[in-house]
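Novice: based on what follows, work out the 3D shape:
(one chain, ligands or ions: 1)
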Amino acid sequence: MSEVKLPAGAVPCLDKGFVRLVDSMGGDAAIVQAARVSYGKGTTKVSRDRALIRYLMRHSHSTPFEMVELKFHAKMPLFVARQWVRHRTANINEYSLRYSEAIDDFYIPEEKDIHFQSKFNKQGRDATDVPEELKAKTIAAFREMSQRSFELYDELNEAGIARELARAILPVNLYTQWYWKNDLHNTFHFLRLRMDEHAQYEIRVYAEAMAEMIKSVAPIAYEAFEDYRLNGMYFSKLDREIFRRRLPSRVVDDLLEDAAYQIVGSMQAAKPRTDDEVFGLYQEEGGQDSAGEFKTKFSLLEAEPGNVFELREFKQKLTQLQS
Ligand SMILES: Cc1cc2nc3c(=O)[nH]c(=O)nc-3n(C[C@H](O)[C@H](O)[C@H](O)COP(=O)(O)OP(=O)(O)OC[C@H]3O[C@@H](n4cnc5c(N)ncnc54)[C@H](O)[C@@H]3O)c2cc1C
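Specialist: Residues are numbered from 1 along each chain as shown. Predicted coordinates:
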């Protein structure tokens with residue numbers, strides 16, 4: 001088996017693979033610039049840029065994110081590449097086994113990654129421990145198959161058989177390499193599917209490494225992606241019906257009240273006002289407490305200032321649940 005050689009900036013993935021960001025175009029500023037169309041870079045405050053990017057992500061205004069381009073160089077087993085290539089919006093150029101001879105790089109799983117087939121999820125692994133001897137047998141099977149298939153491949157090559165045919169006897173744990181270019185919007189879509197716990201471990205490793213690299217290209221956009229896409233939750237009509245029936249209206253009222261405090265706290269942090277003005281804002285936001293209660297509670301408010309638009313949208317969703 002050949003030695004693992006990592007190109008500059010590459011993050012190792014699995015036993016012999018890697019991924020590296022080769023090039024990128026644009027970042028958070030390009031997203032903001034596209035969204036504002038006619039405004040130049042640096043004309044607004046960073047805090048407003050952040051709010052705008054987060055708004056775009058929350059409302060699936062996706063085209064500004066397409067202004068950022070990312071080009072990765074990755075080396076991964078063929079079975080990982082088969083899953084990866086399903087993301088059709090990317091531009092790919094792959095190492096050719098018609099043109100060049102295969103390199104004897106095969107993925108051999110680590111003991112910790114060998115699990116039983118899940119009984120509940122046909123596409124998953126079980127958490128129960130696999131006995132040591134079965135793990136050893138699995139690794140030996142991977143090694144034996146990889147070595148033998150490569151010996152046969154070599155023999156066919158030596159005998160002058162066309163590479164494009166000889167390669168067909170190599171198993172899918174053989175490593176391949178490619179350059180993969182995509183825009184940020186579609187790369188986020190890739191990450192959301194492939195960083196998910198339902199994605200296969202071997203592709204998740206690459207998605208997680210790529211996520212770290214994207215953070216440095218567009219940190220605010222990545223944070224918004226994490227908050228609203230990766231860790232956000234979607235509720236179906238059925239889910240909403242269950243919530244609506246189960247949520248006593250007093251609970252929703254309490255949440256709305258908390259949201260009113262949070263909104264006013266956020267506005268006050270951004271632009272301080274007098275006590276009377278603050279109470280007026282609180283009432284405008286639907287707060288029900290008396291002026292005295294408000295003053296006491298507001299002075300004890302420990303909530304971190306948030307995004308006022310987002311909090312208002314949250315209130316709107318809560319109100320929809322009640323109706
Ligand atoms: C956990 C998991 C399990 C999976 N299991 C299977 C499986 O068992 N079998 C299987 O075959 N696949 C499977 N897949 C692959 C899956 O069905 C998708 O093909 C893959 O995730 C790519 O998703 P996509 O089409 O949304 O992405 P992309 O191809 O990147 O497309 C992004 C978006 O662009 C649009 N788009 C792209 N190309 C076109 C087009 N030509 N026409 C119209 N719209 C287009 C679509 O709206 C799409 O959502 C699985 C994926 C995951 C994450």
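
Novice: K71 should be in a helix, yeah?
Specialist: No. K71: not assigned to a helix; according to DSSP: H, G, I helix; E, B strand; the rest coil it is strand.

Novice: what's the neighbour count on it?
Specialist: 16 (other CB atoms under 10 Å). All C-beta atoms are positioned from the backbone trio N, CA, C, and that covers glycine.

Novice: kindly provide the distance from it to D253.
Specialist: Per CB to CB, to the nearest Å, K71 is found 51 Å from D253.

Novice: got it, and F106?
Specialist: 61 Å.

Novice: which one of those two has more residues nearby?
Specialist: Taking neighbours as other CB under 10 Å, F106 and D253 compare with F106 leading, 25 against 14.

Novice: check what contacts stretch 51-69 and list those residues.
Specialist: The contact list for stretch 51-69, computed with CB atoms under 8 Å, 6 or more residues apart in numbering, reads 23-28, 30-36, 44, 181-186, 188, 217-218, 220-221, 224-225, 227-229, 307, 309-310, 313.

Novice: what about it, near the ligand?
Specialist: No. Applying CB under 6 Å from any ligand atom, one finds stretch 51-69 separated from the ligand by no less than 10.2 Å.

Novice: got the buried residues for that stretch?
Specialist: 51-58, 64-69 (16 or more other CB atoms under 10 Å).

Novice: between the two ends of it, how far is it?
Specialist: 22 Å (CA to CA, to the nearest Å).

Novice: what's the offset of it from the middle of its chain?
Specialist: 15 Å (CA atoms, centre = their mean, to the nearest Å).

Novice: next, count neighbours for K137.
Specialist: Count around K137 with other CB under 10 Å applied: 13.

Novice: which element is Y179 on?
Specialist: Y179 belongs to strand 175-183 when elements are defined using DSSP states H and E.

Novice: mind listing what's buried in that strand?
Specialist: 175-183.

Novice: including distance to the ligand, could those residues go into JSON lines?
Specialist: As requested, those are exported to JSON lines (distance: CB to the nearest ligand atom, whole Å):
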{"residue": "Y175", "distance to the ligand": "21"}
{"residue": "T176", "distance to the ligand": "19"}
{"residue": "Q177", "distance to the ligand": "20"}
{"residue": "W178", "distance to the ligand": "15"}
{"residue": "Y179", "distance to the ligand": "17"}
{"residue": "W180", "distance to the ligand": "11"}
{"residue": "K181", "distance to the ligand": "13"}
{"residue": "N182", "distance to the ligand": "8"}
{"residue": "D183", "distance to the ligand": "11"}
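
Novice: which element, helix or strand, includes whatever residue of the stretch 201-323 of the chain ends up closest to the ligand?
Specialist: The nearest approach of the stretch 201-323 of the chain to the ligand comes at I203, 8.5 Å away (CB to the nearest ligand atom). According to DSSP H and E, I203 maps onto helix 201-217.

Novice: check which residues of that helix are buried.
Specialist: For helix 201-217, by 16+ other CB under 10 Å, it's 202-207, 209-211, 213-214, 217.

Novice: could you do stretch 229-242 as well?
Specialist: For stretch 229-242, by 16+ other CB under 10 Å, it's R229.

Novice: ok, and what's touching that stretch?
Specialist: Here stretch 229-242 has contacts from 57, 188, 191-192, 195, 243, 321, using CB under 8 Å, 6+ apart.

Novice: over to stretch 258-265?
Specialist: Outside stretch 258-265, the residues that reach it (CB under 8 Å, 6+ apart) are 278, 281-282, 285-287, 297-298, 301, 303, 305-306, 308, 311-312, 314-315, 318.
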